[in-house]
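# from the sequence below, what's the structure:
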Amino acid sequence: MPIEYEMKYLKEMTEDAISQYSQDTLSAGWFSDVEYKVLQMIQDHSENVQQHFREYQICAMKELIKRGYWVKWRDDISEAKCYTILYRLPQHKEGAD
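Alright, predicted model coming up:
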């Protein structure tokens, strides 16, 4: 699978996981800055991870972190659009497994 498709898959799996987590725990499709809370949970190997996410979602999120990326919510007020983007982690933890 070409790298672009792999990254697209990882991004979409991560988006879905975060969105579902936000809906289940915060009653909002994507609560403000929830992606950072999930990132911290994954990086810290929190016990809550297994309770909130399926194994394939955890694997996708860990792989995205391993590659040095994460998702970020973006509000483009000028175009009235909201969407997620991939961004490079400033200092990512190697081997987030």
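
# between the two ends of stretch 50-59, how far is it?
In stretch 50-59, first residue to last residue: 11 Å (CA to CA, to the nearest Å).

# what about it, distance to the chain center?
Taking CA atoms, centre = their mean, to the nearest Å, one finds stretch 50-59 lying 11 Å from the centre of the chain it belongs to.

# with stretch 7-20 instead?
Worked out by CA atoms, centre = their mean, stretch 7-20 lies 6 Å from the chain centre.

# need the contact partners of that stretch.
1, 29-30, 34-35, 38, 53-54, 56-58, 60-61, 63-64, 67, 69-71, 84, 86 (CB atoms under 8 Å, 6 or more residues apart in numbering). The way it works is simple: take the backbone N, C-alpha and C, and place the C-beta from them, glycine included.

# residue contacts, His52?
21, 24-25, 41 are the contacts of His52 under CB under 8 Å, 6+ apart.

# which of those residues are buried, as a ChimeraX select command?
Buried residues within the contacts of His52, by 16 or more other CB atoms under 10 Å, are selected in ChimeraX with:
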select :21,41
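
# and of the contacts of His52, the nearest to Asn48?
Met41 (6.0 Å; CB to CB).

# that older thread, so which of the contacts of His52 belong to helices?
Among these, DSSP state H puts 21, 24-25, 41 in helices.

# just say helix, strand or coil for Ile85.
Under DSSP: H, G, I helix; E, B strand; the rest coil, Ile85 falls in the strand class.

# geometric centre of the chain: which residue is closest?
Thr14 (4.0 Å; CA atoms, centre = their mean).

# so which strand or helix has that one?
helix 3-26 (DSSP states H and E).

# gap between that helix and the chain center?
5 Å.
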